[in-house]
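**Q** sharing a sequence plus its predicted fold:
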Amino acid sequence: MRRTLYLALSFIIWILLTWPFADGTIDLQIVIVGLVVSAVVAVLFHEILPREHGIFISPTRAFWFLLYVPVFFYYMVRANFDVVYRALHPQMPIKPGIVKIKTALKTDSGLTALANSITLTPGTLTVDLTGDGYLYVHWINVKSDDVEQATAHIARRFEWFIAKIFE
């Protein structure tokens with residue numbers, strides 16, 4: 001079941017990335033290569049992909065994922081402008097440091113999604129994740145080293161959506 005699910009998911013992603021439907025025709029080579037690559041991925045990697053595979057077939061979770069993408073994109077663009085401002089400012093107003101944040105997420109997929117969302121947002125980088133729900137994040141401009149305040153600044157905006165998707 002998991003292999004079939006990952007085969008279908010991989011193939012859909014392949015089709016969306018390559019879009020073989022140009023000029024009103026279908027490029028069969030791209031479709032065939034996509035099927036082969038998707039099958040190889042499904043066979044080789046199905047054991048290391050998330051156990052919570054139901055997230056890919058739940059309409060409710062898909063809905064929350066589709067809402068999360070623009071929210072994440074907004075914060076990513078905003079963080080890019082912040083980092084550019086800091087890099088181009090003559091005094092370079094940065095206060096780098098590693099802060100500890102707490103998350104309520106429990107699943108491996110949810111924790112990984114949160115850690116990746118934090119890392120993909122410029123100015124922050126997840127450096128460690130503990131088993132008890134704490135993340136250590138390198139922050140370009142530490143506003144607070146208090147766990148609750150740092151969590152509010154860094155993770156809360158993503159955590160609510162990720163809980164709806166993965167928990």
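**A** Done, it's in.

**Q** I'd like the average pLDDT over the lengthiest helix in the chain.
**A** Counting residues, the longest helix found in the chain (DSSP state H) is helix 59-88. If you average the pLDDT over helix 59-88, you get 90.

**Q** next SSE after it?
**A** Next along the chain after helix 59-88, taking DSSP states H and E as the criterion, comes strand 97-102.

**Q** following the chain onward from that next one, which element is next?
**A** By DSSP H and E, the next helix or strand past strand 97-102 is helix 108-120.

**Q** and the contacts of that next one?
**A** 50-52, 55, 72, 76, 103, 105, 124-126, 129, 133, 135, 137, 154-155, 158-159, 162-163, 165-167 (Cβ atoms under 8 Å, 6 or more residues apart in numbering). Every residue, glycine included, has its C-beta placed from N, CA and C.

**Q** repeat for stretch 70-79
**A** S117, L120, T121, P122, G123, T124, R157, F158, F161.

**Q** count of neighbours near the spatially closest residue to the third one that is not a sequence neighbour?
**A** When you say that, I think you mean T121. Once flanking residues are discounted, T121 sits nearest to A79: 4.6 Å by Cβ to Cβ, 6 or more residues apart in numbering. A79 is flanked by 16 other residues according to other Cβ atoms under 10 Å.

**Q** wait, what's in contact with T151?
**A** I101, K102, T103.

**Q** 10 Å instead?
**A** For T151, the contacting residues are V99, K100, I101, K102, T103, A104, Y134, L135, V137, S144, E159, by Cβ atoms under 10 Å, 6 or more residues apart in numbering.
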